[in-house]
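1. Got a sequence here, can you build the structure:
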Amino acid sequence: MVGRSADLIIDFVEGLSAHYTRPSLALPSNREGPLTVLEVSLLGEQYVAGSTATNLARSSRSFALLAFLALHAGAPQPRQRLAATFWPDSTEQQARTNLRRELHHLRVLLGDDPSLVIEAATLMWRESPTCRVDVCVFHRERQLTLHAVAAGDQHAMLQHGAAAVAVYHGDLLPGMLDDWVLAEREQLRRECVALCDHIVAGWRDVDPDKALEYARLRVRLEPLEEVGYRTLMELQAEVGDRAGAISTFHKCAEILDHELQVRPSQAKLAERLLSSDPPDLLRAGSPRHARARHARRARLVGRDREFDQVLECWNSVVNGRARLLVVLGDAGVGKSRLISELAQKARTDGAVVATTRCFGMARTLALKPVADWLRHPRIHRSLATLDEIWRVEVDRLLPGAAEGSYGGKRERPPPEPIAASRAMVDAWRRHRFFEGLARGILSVGQPTLLVLDDLQWCDDETTAWLPFLLSRAAGPLLIAAAARREELAGNAEVSRLLPALRSAGSLIEMPLPPLGRDGVRALAGSFSSGNSAMRRSRSSSQQRPGIRCTSWRPFGAQASWTGAARSHRSRTSHRCCVVGLTQHRLRHARSPGWHPLLAATSLSTCSAKPAI
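-> Now for the predicted structure:
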C-alpha cells in the first residue's frame with residue numbers, strides 16, 4: 001500500500017508539473033520564426049523528424065507508447081491500463097515505474113510539443129498543427145474517403161483515398177509482437193486494402209494505369225487473397241497485357257501452393273486468358289471493352305498475301321506433317337498480329353491454340369514456353385490419358401499437375417537401375433524427359449497450333465526440345481513463331497536450330513517487310529473510321545497531300561492512331577497527338593526509310609497542317 005501510494009503521489013506531482021509547464025496551444029507569431037512541425041513515422045520505418053533530442057537513445061517502448069496514444073487520439077488513457085498493457089508480467093509498482101521512464105523519454109523526444117497531454121491519472125494524444133503522425137493522418141484521410149463514398153463524390157474519394165494510402169509506408173511498428181500491436185497492425189492493413197479497392201474501382205474506367213498501380217499495391221498488401229490477383233488480371237487484360245495477366249495468375253498459383261497448399265479458384269479466367277482474344281476478357285459495357293471490340297473488328301490491312309501464305313501453311317499441316325513456321329521481321333512490323341490472325345482462324349476451325357512468349361532477360365527459366373503450353377486447359381485435361389511413366393516426367397516440369405488432373409496423389413515408380421556411365425544415364429533421363437513433355441502436348445489428339453512470340457529470346461532447353469516435338473508429332477501440329485531478324489543471330493542455339501530444320505524440311509520461313517504506302521493509308525483509315533472526330537479530320541484533309549513516305553511499320557502506325565483517338569477529342573488534338581507519337585517512334589528508328597516521314601511530321605508541326 002505504501003509503494004502504491006507513493007506511485008500515485010509521484011504521478012500526481014508529475015501531472016501537475018506538466019499541467020503548469022505546458023506551453024500555450026496558440027500558434028507562434030511571425031516574430032517568433034516559422035512554425036516547427038514534428039514528423040512522426042510509425043508505419044514502416046520508425047523515426048521522429050524535427051526533434052531537438054538528437055542524442056537521445058530511441059527506445060522501442062517509447063515509440064510503442066506514442067503509437068498507442070496516437071491510435072486512441074482524443075481519448076484519455078488511464079496510466080494503470082497503460083502499465084498493465086505494456087508490462088503485463090511485471091508487478092504494478094514496477095510497471096508504473098517503467099511507464100514513467102518511457103514517458104520521460106517521450107517528453108524529451110517530443111520537446112515542448114502540446115500534442116502529448118499529461119494528467120495526474122491519464123495520458124492522451126491530441127492532434128495539433130505542430131506534430132504530424134502518419135497513423136493519425138491515415139485515419140483522418142480514411143474517414144474523409146468513406147464520407148466521400150457515402151456522398152457519391154468520386155473526386156473527393158480518389159483524392160483523400162490516395163492521401164491515406166500515400167502515408168501507409170508499411171506495417172505498424174514492424175518487429176514488435178505485442179498482442180495489441182498485432183491486432184492494430186492487421187486492422188490498419190485491412191483498412192488500407194479496402195481503400196485500394198475503392199481507388200481501383202474509381203480509376204478503372206477513367207485511368208486504367210492508375211487502377212493498375214493500386215491493384216498491384218493491394219496484391220503486395222495481401223498476397224494470399226485471390227480477389228486481389230483476379231482484379232489485377234482483369235485490369236491487365238483490359239489494357240491488352242494478356243502476358244502480364246497470365247504471369248499474375250502463375251504467381252498467384254505459386255504463392256497459394258507454397259503458403260497454403262491450395263490451388264487458385266479463378267481457373268475459368270485463366271482459361272480465357274490462355275485461349276481467348278483480349279477483348280473477350282474485358283467487362284462488357286466498359287469504354288475499353290468497346291474500343292477493344294472495334295480494334296478486333298478492324299481488318300488486317302496490307303497483309304493479304306502474307307496471311308494467305310500462313311493460312312496455306314496451316315492447311316498443309318492439318319493435312320500433312322508437323323512444321324515450324326517462323327515469321328521474320330523488324331520490331332513492330334506486324335509479326336505478332338499476323339500470327340494472331342492465324343490463331344483466330346485456327347480457333348474458328350476447332351483447333352487447340354496455346355500461346356506463350358519468351359523474354360529477353362538474364363537467367364530465363366528453362367522450358368518456360370513448354371510449361372505455358374502444358375497449362376492450357378485443353379492440353380492440361382488431356383494429360384489424364386498418358387501412361388503413368390509419362391505423367392511422372394510431366395510432373396518434373398509442373399510439380400503437382402498430376403494431382404490436379406488425375407484426382408489424387410500417386411506413387412511414383414522407382415528409377416530403373418542402369419549399369420552405365422554417368423553421361424549415358426544423364427542422356428537417357430533427358431531423352432525420357434523430353435519424350436514425356438512431347439507426349440503431354442500431343443495427347444490432346446486434335447489439330448494444335450502452338451504460338452511462340454519472340455523466338456530470338458528462346459532458352460536453350462526449349463530450343464533443343466522443339467525438333468524433338470516435331471519428330472514425335474504424328475497428327476496435325478504447327479508451331480508458329482515470331483522472331484526479330486536483327487536479334488536472331490545473338491541466340492546461338494536458335495541459329496543452329498533453323499538450318500537443321502530447314503534441311504529436314506520441317507521449317508517454313510516467311511520474311512515480313514514493312515507496310516507500303518497504300519497499306520499505311522488503309523491502316524490509318526481502319527483505325528480512324530471508328531471515331532467520329534477522326535472521320536471529320538480525315539474528310540477535311542482529303543484534298544491535302546497524303547502519306548509522304550514509302551514504307552512504315554504497322555505497330556507504329558497503330559499506336560499513333562489509337563493513342564490519338566484515346567487521348568484527344570478535337571480534330572486539332574488528334575493531329576498533334578499523332579505527330580508527337582510518330583516523331584517519338586521515328587527518332588528511335590534504325591532504318592533510313594523512316595527519315596522522310598520524320599521530316600514530313602516535322603513540317604506538319606511547323607505549318608499546323610497534318611501530313612498524315
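
2. Can I get stretch 137-146 in CSV, CA atoms only?
-> Taking Å, rounded to 0.1, in the frame of the first residue of the first chain, the C-alpha atoms of stretch 137-146 are listed here in CSV:
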residue,chain,number,x,y,z
VAL,A,137,-3.2,11.3,-41.0
PHE,A,138,-4.2,7.8,-42.3
HIS,A,139,-7.2,7.7,-40.0
ARG,A,140,-8.3,11.2,-40.9
GLU,A,141,-8.0,10.8,-44.6
ARG,A,142,-9.7,7.4,-44.4
GLN,A,143,-12.7,8.9,-42.7
LEU,A,144,-12.9,11.6,-45.4
THR,A,145,-12.7,8.9,-48.1
LEU,A,146,-15.6,6.9,-46.5
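
3. quick one: buried residues of it?
-> For stretch 137-146, the neighbour count (16 or more other Cβ atoms under 10 Å) marks 137-142, 144-146 as buried. Every residue, glycine included, has its C-beta placed from N, CA and C.

4. want to throw those residues into CSV with secondary structure, distance to R79 and pLDDT?
-> Shown next, in CSV, are the buried residues of stretch 137-146 (DSSP: H, G, I helix; E, B strand; the rest coil; distance: Cβ to Cβ, whole Å; pLDDT from 0 to 100):
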residue, secondary structure, distance to R79, pLDDT
V137, helix, 27, 96
F138, helix, 27, 97
H139, helix, 24, 96
R140, helix, 27, 96
E141, helix, 31, 96
R142, helix, 29, 96
L144, helix, 33, 96
T145, helix, 34, 96
L146, helix, 33, 95
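
5. can you redo those as TSV with distance to R381?
-> Putting the buried residues of stretch 137-146 into TSV (distance: Cβ to Cβ, whole Å) gives the following:
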residue	distance to R381
V137	52
F138	47
H139	50
R140	53
E141	49
R142	46
L144	50
T145	45
L146	46
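
6. and which of those residues is nearest to E306?
-> Of all the buried residues of stretch 137-146, T145 has the smallest distance to E306: 52.7 Å, by Cβ to Cβ.

7. what sits against the closest one?
-> 156-157, 160-161, 164, 195, 198 (Cβ atoms under 8 Å, 6 or more residues apart in numbering).

8. ok, residues contacting the host helix or strand of S62?
-> Using DSSP states H and E, S62 maps to helix 60-71. Contacts of helix 60-71 with the rest of the structure, by Cβ under 8 Å, 6+ apart, involve 40, 42, 46, 77, 82, 85-86, 98-99, 102-103, 105-106, 109, 116, 123-125, 133, 135-136, 172-173, 175-176, 178, 180-181, 184.

9. List buried residues within those residues.
-> For the contacts of helix 60-71, buried by 16+ other Cβ under 10 Å: 40, 42, 46, 77, 82, 85-86, 98-99, 102-103, 105-106, 109, 116, 123-125, 133, 135-136, 172-173, 176, 178, 181, 184.

10. From A351, how far off is A480?
-> To A351, A480 is 12 Å away according to Cβ to Cβ, to the nearest Å.

11. sorry, that was for G50
-> Here the criterion is Cβ to Cβ. By it, G50 lies 67 Å from A351.

12. and what of F433?
-> Noted for F433: a distance of 27 Å to A351, by Cβ to Cβ.

13. likewise E493?
-> 28 Å.

14. Can you pick out the residue with more neighbours from those two?
-> A351 (21 against 13; other Cβ atoms under 10 Å).

15. Nearest residue to that one in space, please, no chain neighbours.
-> Excluding its sequence neighbours, the residue lying closest to A351 (Cβ to Cβ, 6 or more residues apart in numbering) is P447, at 4.0 Å.

16. and that neighbour, what does it touch?
-> 317-318, 346, 349-352, 475-477 are the contacts of P447 under Cβ under 8 Å, 6+ apart.

17. let's see 7 Å
-> Counting by Cβ atoms under 7 Å, 6 or more residues apart in numbering, P447 touches 318, 351, 476.

18. Then E141?
-> 160, 163-164.

19. cool, and D171?
-> 185, 189.

20. try 6 Å this time
-> Residues near D171 by Cβ atoms under 6 Å, 6 or more residues apart in numbering: R185.

21. buried set for stretch 213-231?
-> For stretch 213-231, the neighbour count (16+ other Cβ under 10 Å) marks 213-219, 221-222, 228-231 as buried.

22. what residues does it touch?
-> For stretch 213-231, the external contacting residues (Cβ under 6 Å, 6+ apart) are 189, 193, 196, 199-200, 232, 235, 248, 252, 255, 264, 266.

23. Which residue lies closest in space to K210, excluding its sequence neighbours?
-> In this structure, K210 finds its nearest non-sequential neighbour in W203, 4.1 Å apart by Cβ to Cβ, 6+ apart.

24. Likewise for P467?
-> Nearest residue to P467, sequence neighbours excluded (Cβ to Cβ, 6+ apart): L501, at 6.2 Å.

25. Determine the set of other helices and strands touching the host helix or strand of that neighbour.
-> Using DSSP H and E, the element containing L501 is helix 492-504. The helices and strands touching helix 492-504, judged by 3 or more Cβ pairs under 6 Å, 6 or more residues apart in numbering; DSSP states H and E, are helix 460-472.

26. The helix or strand following the helix it packs on pairs with which strands?
-> Per DSSP H and E, the first helix or strand lying C-terminal to helix 460-472 is strand 477-484. Partners of strand 477-484 in the sheet, by DSSP bridges, are strand 323-329 (parallel), strand 448-453 (parallel).

27. Kindly format the C-alpha coordinates of strand 477-484 as PDB.
-> Below are the C-alpha coordinates for strand 477-484, written out as PDB (Å, rounded to 0.1, in the frame of the first residue of the first chain):
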ATOM      1  CA  LEU A 477       0.800 -29.700 -85.300                       C
ATOM      2  CA  LEU A 478       2.100 -26.200 -86.300                       C
ATOM      3  CA  ILE A 479       4.500 -24.200 -84.200                       C
ATOM      4  CA  ALA A 480       4.100 -20.500 -85.300                       C
ATOM      5  CA  ALA A 481       6.900 -18.300 -84.000                       C
ATOM      6  CA  ALA A 482       7.800 -14.700 -84.500                       C
ATOM      7  CA  ALA A 483      11.400 -13.500 -84.400                       C
ATOM      8  CA  ARG A 484      13.200 -10.200 -84.800                       C
END
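
28. and for that strand, what are the contacting residues?
-> 314, 317, 322, 324-328, 331, 335-336, 339, 448-453, 455-456.

29. sorry, back to before: go through the helix holding S62 and flag the buried ones.
-> For helix 60-71, a neighbour-count test (16+ other Cβ under 10 Å) marks 61-71 as buried.

30. ditto for stretch 496-509
-> Going by 16+ other Cβ under 10 Å, stretch 496-509 has these buried residues: 497-498, 501, 506-508.

31. From the contacts of T145, which land in helices?
-> Applying DSSP state H to the contacts of T145, the entries found in helices are 156-157, 160-161, 164, 195, 198.

32. And the contacts of stretch 213-231, which two are furthest apart?
-> Greatest spatial distance among the contacts of stretch 213-231 (Cβ to Cβ): I199 and P264, at 23.9 Å.

33. Between those two, tell me which one has more neighbours.
-> Set I199 next to P264 and count neighbours by other Cβ under 10 Å: I199 wins out with 24 against 19.

34. Who are the contact partners of the more buried one?
-> I199 is in contact with 161, 214, counting by Cβ under 6 Å, 6+ apart.

35. State the pLDDT value of it.
-> Looking at I199, its pLDDT is 96.

36. Quick one: end-to-end distance for stretch 464-484.
-> End-to-end distance for stretch 464-484, by Cα to Cα, to the nearest Å: 20 Å.

37. List the buried residues for it?
-> 464-467, 469-470, 472-473, 476-484.

38. coming back round to it: Serialize the strands paired with strand 477-484 to JSON lines and add fields for mean pLDDT and mean neighbour count.
-> Formatted as JSON lines, the strands paired with strand 477-484 follow (pLDDT from 0 to 100; neighbours: other Cβ atoms under 10 Å):
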{"stretch": "strand 323-329", "mean pLDDT": "94", "mean neighbour count": "23"}
{"stretch": "strand 448-453", "mean pLDDT": "94", "mean neighbour count": "24"}
